[in-house]
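I'd like to go over a predicted model; first the sequence, then the structure.
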Amino acid sequence: MTIVWTTTRHAINLDQPKVMGIVNATPDSFSDSAASHSAALQRAHVALNEGADILDIGAESTRPGAKPVPLEQEWDRLEPVLREVLTWGVPISVDTYKPGVMQRALDMGVDIINDVWALRWTGADDVSGDQVVAAHASCGVCLMHMNGEPATMQISPMQGDAVPAVVAFLAQRVQALAARGVATARVVLDPGIGFGKTVEQNFSLLSGQVDLQRLGLPVLAGWSRKSSLGAVTGRAVDARVFASVAAATLALQHGARVLRVHDVAPTKDAVAVYQACAANAGHYANDGANNDK
């Protein structure tokens, strides 16, 4: 059965894994920050040229300890970048939790809302993220699990087994959206690697992706350059490319359909090798079956 992620302008076929390129339009992200609109656009060009299937644009850092950015400041960073990338013919995602930013971005024609708060945030006008998405005819959405909030989430990470807690939370959010009339074909799920979780919990969520997939929706994996990779390799943020590609490949093996990454080119290579191996594994399995007859 074909897996299609319904979004504003694009029906994204997830039978083949897709690479989502991270584009930070912020000066304080934990990696690949952009101090200007032109720098963010340059980063977007690089990601697209390296083969990104989707561009994910964010204008407020949600790294551990990050401070919130006022809505107008976030929009001032975001709007000029969106105005340009929306002409490129590629699916555009906006990484935001503010309903006011979501609404403006969707009004411009953005395809996907990628929300670390899973559409729970309510703005000053008492409009929530799930209300904004539900009012739109077809935009895609990525619901992520986060324990706590960015400013404090790693000071007090979640306790116990992360897998059932994350699955239960995301199942509830899917149900809440369905109650508002949002079709499940519009929804992708993100377990939220590094968002209020210990190193051990993050890696348990990698092997535990199979439990999340039982909800029947595609999974997005966001391991790129995360601190858990630094914890096991001893590498600094900008030296975690190999670890990031390894984690992305393992996420594919465990069923992820979208990989959100900083390093697009090496990840695309890993996806190509993974798919070639998977195709040939099926071929040899069939040959073996035929030889046994």
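Perfect, I can see it now.

Where in the chain is the helix or strand with the lowest mean pLDDT?
Within the chain, no helix or strand scores below helix 264-291, which has a mean of 79 by mean pLDDT, DSSP states H and E.

list the contacts for the closest residue to D263 other than its chain neighbours?
Closest residue to D263 apart from its sequence neighbours, by Cβ to Cβ, 6 or more residues apart in numbering: V241 at 5.0 Å. C-beta coordinates here come from the backbone N, C-alpha and C atoms, glycine included. V241 sits next to R225, D263, P266 when contact means Cβ atoms under 8 Å, 6 or more residues apart in numbering.

what's the helix or strand for V232?
helix 227-233 (DSSP states H and E).

Identify each buried residue in the helix or strand following that helix, please.
Where DSSP H and E defines the elements, the next helix or strand beyond helix 227-233 is helix 241-253. Neighbour-count burial for helix 241-253 flags V241, A243, S244, V245, A247, A248, T249, L250, A251, L252 (criterion: 16 or more other Cβ atoms under 10 Å).

for stretch 189-203, same thing?
Residues of stretch 189-203 classed as buried: 189-197, 199, 201-203 (neighbour count, 16+ other Cβ under 10 Å).

Reformat these as CSV; add distance to I22 and secondary structure.
Listed next are these as CSV, based on distance: Cβ to Cβ, whole Å; DSSP: H, G, I helix; E, B strand; the rest coil:
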residue, distance to I22, secondary structure
L189, 18, strand
D190, 13, strand
P191, 17, coil
G192, 15, coil
I193, 13, coil
G194, 13, coil
F195, 15, coil
G196, 20, coil
K197, 19, coil
V199, 21, helix
Q201, 22, helix
N202, 18, helix
F203, 21, helix
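
Closest one to V23 out of the residues you listed, please.
D190 (17.1 Å; Cβ to Cβ).

Hmm, T122 and G100 touching each other?
No. Taking contacts as Cβ atoms under 8 Å, G100 lies outside contact range of T122: 10.6 Å.

Could you list the buried residues of the lengthiest strand in the chain?
Longest strand of the chain, by residue count under DSSP state E: strand 18-24. By 16+ other Cβ under 10 Å, the buried positions in strand 18-24 come out as K18, V19, M20, G21, I22, V23, N24.

for R173, what are its contacts?
Counting by Cβ under 8 Å, 6+ apart, R173 has contacts A118, L119, R120, L143.

pLDDT and neighbour count added to those residues, as JSON lines?
What follows is the contacts of R173, written out as JSON lines (pLDDT from 0 to 100; neighbours: other Cβ atoms under 10 Å):
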{"residue": "A118", "pLDDT": "97", "neighbour count": "25"}
{"residue": "L119", "pLDDT": "97", "neighbour count": "26"}
{"residue": "R120", "pLDDT": "96", "neighbour count": "15"}
{"residue": "L143", "pLDDT": "98", "neighbour count": "28"}
